[in-house]
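1. Got a sequence here, can you build the structure:
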Amino acid sequence: MIKNNKAANRIYIVVDALILVGAYVLAFFLRFKWLGFWKFMAISEGTKYLGFEQYLTYLYAIVPGYILIYYLTGIYKVRHNKNWFSEAWSVLVANFFGILFIFSLFYFFKQIDLSRKFLGVFVALNCLFDFFYRFFTRKCLIRLRKKGKYLKNVLMVGYSRTAEGYIDRINLNKEWGYRIFGILDDKMAVGTKYKDVAIIDKICKLEEVLKGSNFDEVIITLGLSEYERLGEIVALCEKCGAHSRFIPDYLNVIPTIPDIEDLEGLPVINIRKIPLSDMANAFVKRLSDIVFGFIALMVALIPMIIIAIGVKLSSEGPVLYKQERIGYKNKVFKMYKFRTMVVQDTESEKEKWTTPKDPRVTSFGRFLRKTSLDELPQLFNVLIGNMSLVGPRPERPQYVEKFMEEIPRYMVKHQVRPGMTGWAQVNGFRGDTSIRKRIDYDIYYIENWTFRFDIKILILTLFKGFISTEAY
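-> The predicted structure follows:
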């Protein structure tokens, strides 16, 4: 069945091997036979290349080598919440290492008559076929799971905030393929429901329930005060041969991916691990901000000139608006925006947030806010160094003072540079939306930062981040 991970991976391996062979053979004929008349693919006179039989000989090493690289780069690691973007990126990374492997292979056998154009065609075809195969498989599997087929049956033990969070995520992502049978809990009355998932019995009935049903997984979602029972529950699951997974109820304390040290067999969890505190990561982040920020500024220069003229014509006052915000390490900086309101004194401006149909906003300013074009001058902030392209959005000092007292972990966001766009914004949390939810997304970004994550957010911003129904 598809829910059997080992069987699914065997199918993936066989298909990947067939794709490799097909792409390899097709690349040879495209390079040396069918496209030889194209100027960029033409073979120069006197150039020596291997024959078809010799190229095929190397497949005996290339196919298992590529499959091993796929395995080592995590392509076959089953993650039900892994999106297609992540899968496609993994394929690209694996093919990069695959090319290095092929070059090493030919160098080891002292074979210099390898066509680089052939390799380019092979990698392009292999990636293309892999993308299509994985995309098609994912779509088919999602469709089947939404119809109730190939689902994993899950039993939950313990009702808590974590249990509610787990149920919420499963309901929002039917394509993950989970079906929750019910919850065992001692505090809640049998029959009590949360999002159609009912309390079916007490925790003391766990062994009886497990022996009477065939569950694929037992999800332990005990509340923090019940952790003394964790060992007993795990032991019962193992006794009954049930695979158990534990979701801790202290996500407000430790990061989603905790950094764990082994202290002579004793696990020690770092409460807050921030990837951007590493100098190498910080250098990559800053370098990408300078490079991409400069490119973005060059692209946006003419639109910014047009917007500046529009701002000037729409109302009296300066084109740019400078506002104090709290940034990296709680330092105050001036954030630049195109002015979207009529000129007002500083104290009046501080009194309240912008509201729907706010009379202070100009007609042209309303358009700029809806499209986020008023944010473009922040590219100067990025190049100066007090902002980043991607990061938590900075807030005004008076609101920081308010939120730091009301919202747990709010100040964690100031441990990295604020951004023009962020994980919260591309998920719809901007303008007049929940600050608590926004902070949850910001902290997730801070604790799970990678360069690839930044690229993903920038791409999502281009596709859905500029137009907002919540910005006014």
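2. where along the stretch 151-300 of the chain do the strands fall?
-> Here the stretch 151-300 of the chain has its strands, by DSSP state E, counting those that start in this stretch, at 152-157, 178-184, 193-194, 197-201, 217-220, 244-246, 259-263, 266-270.
3. Export those as JSON lines, with columns for mean pLDDT and distance to Gln323.
-> Where you see a C-beta, it was placed from the backbone N, CA and C, and this is true even at glycine. Below are the strands of the stretch 151-300 of the chain laid out as JSON lines (pLDDT from 0 to 100; distance: least, Cβ to Cβ, whole Å):
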{"stretch": "strand 152-157", "mean pLDDT": "90", "distance to Gln323": "47"}
{"stretch": "strand 178-184", "mean pLDDT": "90", "distance to Gln323": "45"}
{"stretch": "strand 193-194", "mean pLDDT": "88", "distance to Gln323": "42"}
{"stretch": "strand 197-201", "mean pLDDT": "90", "distance to Gln323": "46"}
{"stretch": "strand 217-220", "mean pLDDT": "91", "distance to Gln323": "46"}
{"stretch": "strand 244-246", "mean pLDDT": "89", "distance to Gln323": "45"}
{"stretch": "strand 259-263", "mean pLDDT": "76", "distance to Gln323": "36"}
{"stretch": "strand 266-270", "mean pLDDT": "78", "distance to Gln323": "35"}
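4. Show me the one of those strands that comes nearest Arg360.
-> Closest to Arg360 of the strands of the stretch 151-300 of the chain is strand 193-194 (Cβ to Cβ; 43.3 Å).
5. Other residues contacting that closest one?
-> With contact meaning Cβ atoms under 8 Å, 6 or more residues apart in numbering, strand 193-194 is reached by Tyr159, Ala163, Glu164, Ile167, Ile183, Ile199.
6. Let me know how buried the nearest residue in space to Ala282 that is not next to it in sequence is, in neighbour terms.
-> Distance criterion Cβ to Cβ, 6 or more residues apart in numbering; nearest residue to Ala282, sequence neighbours excluded, is Leu276 at 5.4 Å. As a burial measure, Leu276 scores 18 neighbours (other Cβ atoms under 10 Å).
7. repeat for the one 10 residues further on
-> Residues contacting Arg286 under the criterion other Cβ under 10 Å number 15.
8. Can you check the pLDDT for it?
-> The per-residue pLDDT reported for Arg286 equals 95.
9. what residues are up against His243?
-> With Cβ under 8 Å, 6+ apart, His243 has these contacts: Asp216, Glu217, Val218, Cys237.
10. could you pull out the helices for the stretch 251-400 of the chain?
-> Along the stretch 251-400 of the chain, the segments classed as helices by DSSP state H, counting those that start in this stretch run 279-314, 346-350, 363-371, 378-384, 397-406.
11. hang on, I meant the stretch 101-250 of the chain
-> Using DSSP H, counting those that start in this stretch, helices in the stretch 101-250 of the chain cover 116-146, 161-172, 206-212, 230-239.
12. Minimum distance to Ala61: which of the ones you listed has it?
-> Using Cβ to Cβ, the helices of the stretch 101-250 of the chain put helix 116-146 closest to Ala61, at 14.4 Å.
13. on that earlier part again, between the contacts of His243, which is nearest Ser372?
-> Glu217 (42.0 Å).
14. about what we covered before: let's have the helices of the stretch 101-250 of the chain in a markdown table, adding distance to Arg245 and mean pLDDT.
-> Output for the helices of the stretch 101-250 of the chain, formatted as a markdown table (distance: least, Cβ to Cβ, whole Å; pLDDT from 0 to 100):
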| stretch | distance to Arg245 | mean pLDDT |
| --- | --- | --- |
| helix 116-146 | 19 | 84 |
| helix 161-172 | 10 | 87 |
| helix 206-212 | 14 | 85 |
| helix 230-239 | 10 | 88 |
